[in-house]
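Undergrad: Sequence and predicted structure are below.
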Amino acid sequence: MSVIYIVLTVSVIVGVAFFIVFLMAVKSGQYDDSYTPSVRMLFEDEIVNQKKENSIKTD
Amino acid sequence: MGNNSCFHCGDDCGSHPISFQDKSFCCNGCKTVFEIFNENDLTCYYDLQSSPGAIPKEIEGKYDFLSQENIIEKLTEFRSDEIEIATLYIPHIHCSSCIWILENLNKLNPSISDSQVNFGKKTVRVTYNPKATDLKSVVTLLSSIGYEPYISLDDFKAGKKQVNRTLIYKLGIAGFAFGNIMFLSFPEYFEINEFWLEQYKHMFRWLMFALSIPVVFYAAQDYFISAYKGLKAKLLNIDVPIALGVSVLFIRSTVEIAFDIGSGFFDSLAGLVFFLLLGKFFQQKTYDFLSFERDYKSYFPIAITKIEKDGSENSIQVYDIEKGDRLLIRNEELIPVDGILINGRGKIDYSFVTGESQPVTKQSGDKLFAGGKQTSGVIELEALKSVEQSYLTQLWSNDVFNKNKEDGFTNITNNISKHFTIAILTIAVISTAYWLFADASKAMNVFTAVLIIACPCAIALSAPFTFGNLLRIFGKLKFYVKNASVIEQLAHINTVIFDKTGTITSNKQSNAEYEGISLSGSENLVLKNSLRGSNHPLSRTLYNILDEHDIITLDRFEEHIGKGIEAEHDNINLKVGSASFVGNAEQTSTLNTTVYISSNNSYKGKFTFYNSYRKGVSKLFNQLKKHFDLVILSGDNEGERENLKKLLPVKTKLIFNQKPDDKLEFIKYHQSEGAKVLMIGDGLNDAGALAQSDVGVAISEDVNVFSPACDAILDASKFKRLYDYVMASKSAIKIIKWSFVLSFIYNVIGLYFAVTGQLAPVVAAILMPLSSISIVVFTTVCTNFIGRKLK
């Protein structure tokens, strides 16, 4: 069998895999709110910072 | 203000700030919220944004109805023994601090396992354990930290809403297919006759065919449906040539690869559908946090306290109220049905209904209309009607609320498509006829090529991108428009009708004029100080208007409820209030609100309150009068007629004493005479007029809180810009017409290739995206230019 069949099969499978991931992402509501996550991802740091400060103080 | 603003909410603290931990607070409520956050290590809230909070409201007993099983059932989206999930709408959400605190709710109540904010929609989705806590305590907790959820009759029905994501799916599929087909057809563009490409090109072609199937049958299905509907209604809408183009592309390409004639046009097909859907997506800009479909249900409470015959109190659903029921209305609660006041002193704020800011005082035995808000103490009333039959709510049974405005309106794109489709079909037939004689083998080829290249992708994209972009620009300028077709309608307006109270007048201030014997200095001093002690809204207004005076301690101060106030200081006995209370014999009946004053039992004079008009009203009307007919349609009496005459251009029609139905009929009548009406209103009493008009714009002081169903919401601060907005819509129509011209040029070039029978797939693949993209760029640049002028 020619190698091009293998290459094509792989590329189609990869393409379809990404496509399925996209569908799952839409279904899980990832595209419903495009603003809040951008703010949310910055929060974690501040809580950690605060804890660090506290721990330094107690030390 | 500066240092004197509240650390929690940012309001002015006044002369007596409450200090706590070196921070000043405007009230105890704000201080309490700070204490709660402080105890729970949540003061990070104040680091993210300064003064992000809101003053918590009094909620004693307000949420008792949330302990009822059937109401919890309706409000939660998931319920089991261990877990309950509810999504609550919180209008106050406005900054990153809000997101942070609301997503850390579990630190305040450990039984809340998860809370997730949707900033755009201003909602928080709370997951909690119903064994340890309940919906009522979650809501109470939220209210106590200043994030009071807004629970209305609307939530009751909505329950579990499904989000419509089909457009994203379709866009994803079309984009996926478009990209892959482009790759697969690349070798053929350059006609490389290498051995291995020749050998495998059939497989490549059939792969492209497979990829285009979901594009045609799923992603493009709306165009087929719409074209079918259009044809059935004997309308050549823009989707007819699009559907024709898509199907011809697909059929011809399939035939070509099946008989090994050529490589087909799958790339153009997928690209076309992708771009069209992109235009749709762009136009679909919605303001999640605004609702344009609201009716009275969004303002009415879900439940109300009913007093049973034995005297016990019970929460019942608003829909279950029957004639004759005794209801208890607390402070700040809305009256859901028409009724008779039985007990207590009613001070009803009808600003939801009429836009009138002064509360009306009612005594036992008076009739109360649904929609008013009680603003002082507890009252009892007897229901006269059920919710749906009340004076105000009846308005919604009018047919106009079931009509879709877009239906009876041919938009600019469909208008042009009528001529376009006929022209294209004519060209196709003529050129086919020519080739039948010249070279019959090419006839079919030319026929399909004309239909393919003329597929009006660029035309279909002009309007969505122009209006979509303008929609965004308007949004930034606080003019929130429901959808693109509203902008188009706005451009065709020739009559502008205004409501008076709350629309051209401002809710926040009013003016008072004094008439009578002028008061002495010490009398003025006593007057100002006696007003200071009174909570009556008229006293508050008058207090704010009068000049500053020293603060003195009055010897005697007495407030006679429903009548007025009496104060004594340094031998001055001052009475302020109604004519009979003050002892004024003259009793001239005026249409305006008046407050009378007497000193030591001799009548001095009266303050007459006038509406205060928004800034720039006069200027706006003078701008508008050049192009439009102007009408003021007011539900109030004629008290302001003279004032308005002075303020507004002479030809403005002034019509008073209009009931909600009258307003609607007035507009209907003028429309039948050919007027295209822009209605500007604010209260629920304008809802009918807003729905009937061609474009209904609601003015709102706070866009998050209140507006009746309408086509657009205008922030009150931008009221004076209205003229510019209307003019910008007119320019948008011009832009669209120019981009039509541009796309015709592309079509002529394309048609040259098609008619001469030399349309190669690569030409189509270049020309189609090129025309679409240049139209998008053209419209975007032009609308941004308009936008810059607006600012």
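TA: Nice, I can see it. Residues are numbered from 1 along each chain as shown, chains lettered A, B, ... in the order given.

Undergrad: looking at the chain, which helix or strand is least sure?
TA: Because you didn't say which chain, this covers chain A. helix A:43-58 (a mean of 47; mean pLDDT, DSSP states H and E).

Undergrad: not what I meant, chain B
TA: For chain B, judged by mean pLDDT, DSSP H and E, that is helix B:153-158, with a mean of 62.

Undergrad: Check which element follows that helix along the chain.
TA: Of the helices and strands lying after helix B:153-158 in sequence (DSSP states H and E), the nearest is helix B:166-189.

Undergrad: Specify the angle between the longest helix along chain A and helix B:166-189 in degrees.
TA: Looking across chain A with DSSP state H, the single longest helix is helix A:3-27. Relative orientation of helix A:3-27 versus helix B:166-189 (axes from the mean of the first three to the mean of the last three Cα atoms, to 10 degrees): 160 degrees.

Undergrad: who's in contact with helix A:3-27?
TA: A:31, B:165, B:168, B:169, B:172, B:173, B:176, B:180, B:196, B:200, B:203, B:207 (Cβ atoms under 8 Å, 6 or more residues apart in numbering or on different chains). (Glycine included, C-beta is placed from N, CA and C.)

Undergrad: Going by neighbour count, which residues of it are buried?
TA: A:8, A:19, A:22, A:23, A:26 (16 or more other Cβ atoms under 10 Å in any protein chain shown).

Undergrad: repeat for stretch B:783-791
TA: Within stretch B:783-791, judged by 16+ other Cβ under 10 Å, the buried ones are B:783, B:786, B:787, B:790.

Undergrad: What parts of the stretch 51-200 of chain B come near chain A?
TA: Contact residues, the stretch 51-200 of chain B versus chain A (Cβ under 8 Å from any Cβ of the partner chain): B:96, B:99-100, B:103, B:116-121, B:163, B:165, B:168-169, B:172-173, B:176, B:180, B:196, B:200.

Undergrad: coming back round to it: rank the contacts of helix A:3-27 by pLDDT and give me only the lowest.
TA: Here the lowest pLDDT out of the contacts of helix A:3-27 sits on residue B:196, with 64.

Undergrad: Make sure residue B:443 is indeed in a helix.
TA: Yes - assessed with DSSP: H, G, I helix; E, B strand; the rest coil, residue B:443 lies in a helix.

Undergrad: what's the closest non-adjacent residue to it?
TA: residue B:435 (4.2 Å; Cβ to Cβ, 6 or more residues apart in numbering or on different chains).

Undergrad: Phi and psi next, for the one you found.
TA: Phi and psi for residue B:435, reported as degrees, to the nearest 10, are phi -70, psi -30.

Undergrad: Just the buried ones from the contacts of helix A:3-27?
TA: B:168, B:169, B:172, B:173, B:176, B:180, B:207.

Undergrad: Can you give the distance of the helix or strand where residue B:274 lies from its chain's centre?
TA: Taking DSSP H and E as the criterion, residue B:274 maps to helix B:266-283. Distance of helix B:266-283 from the chain centroid (Cα atoms, centre = their mean, to the nearest Å) equals 29 Å.

Undergrad: quick revisit: export the contacts of helix A:3-27 as JSON lines, with columns for distance to residue B:494.
TA: Output for those, formatted as JSON lines (distance: Cβ to Cβ, whole Å):
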{"residue": "A:31", "distance to residue B:494": "41"}
{"residue": "B:165", "distance to residue B:494": "40"}
{"residue": "B:168", "distance to residue B:494": "39"}
{"residue": "B:169", "distance to residue B:494": "42"}
{"residue": "B:172", "distance to residue B:494": "43"}
{"residue": "B:173", "distance to residue B:494": "44"}
{"residue": "B:176", "distance to residue B:494": "47"}
{"residue": "B:180", "distance to residue B:494": "51"}
{"residue": "B:196", "distance to residue B:494": "68"}
{"residue": "B:200", "distance to residue B:494": "64"}
{"residue": "B:203", "distance to residue B:494": "62"}
{"residue": "B:207", "distance to residue B:494": "56"}
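
Undergrad: Distance across stretch B:84-102, terminal residue to terminal residue?
TA: 17 Å (Cα to Cα, to the nearest Å).

Undergrad: ok, now stretch B:54-73?
TA: Stretch B:54-73 end-to-end distance (Cα to Cα) = 29 Å.

Undergrad: what does it contact?
TA: B:8-9, B:11, B:26-27, B:29-30, B:32-33, B:75, B:79, B:84, B:92, B:134-136, B:139-140, B:143-148, B:151, B:156, B:301-305, B:315, B:317, B:330-333.

Undergrad: now with 7 Å?
TA: B:9, B:27, B:29-30, B:33, B:92, B:134-136, B:139-140, B:143-146, B:148, B:302-303, B:315, B:330 (Cβ atoms under 7 Å, 6 or more residues apart in numbering or on different chains).

Undergrad: does residue B:148 count as helix, strand or coil?
TA: coil.

Undergrad: ditto for residue B:263
TA: coil.

Undergrad: where's it relative to residue B:762, distance?
TA: Residue B:263 sits at a distance of 9 Å from residue B:762 (criterion: Cβ to Cβ, to the nearest Å).

Undergrad: neighbour-wise, which of these two wins?
TA: residue B:263 (23 against 16; other Cβ atoms under 10 Å in any protein chain shown).
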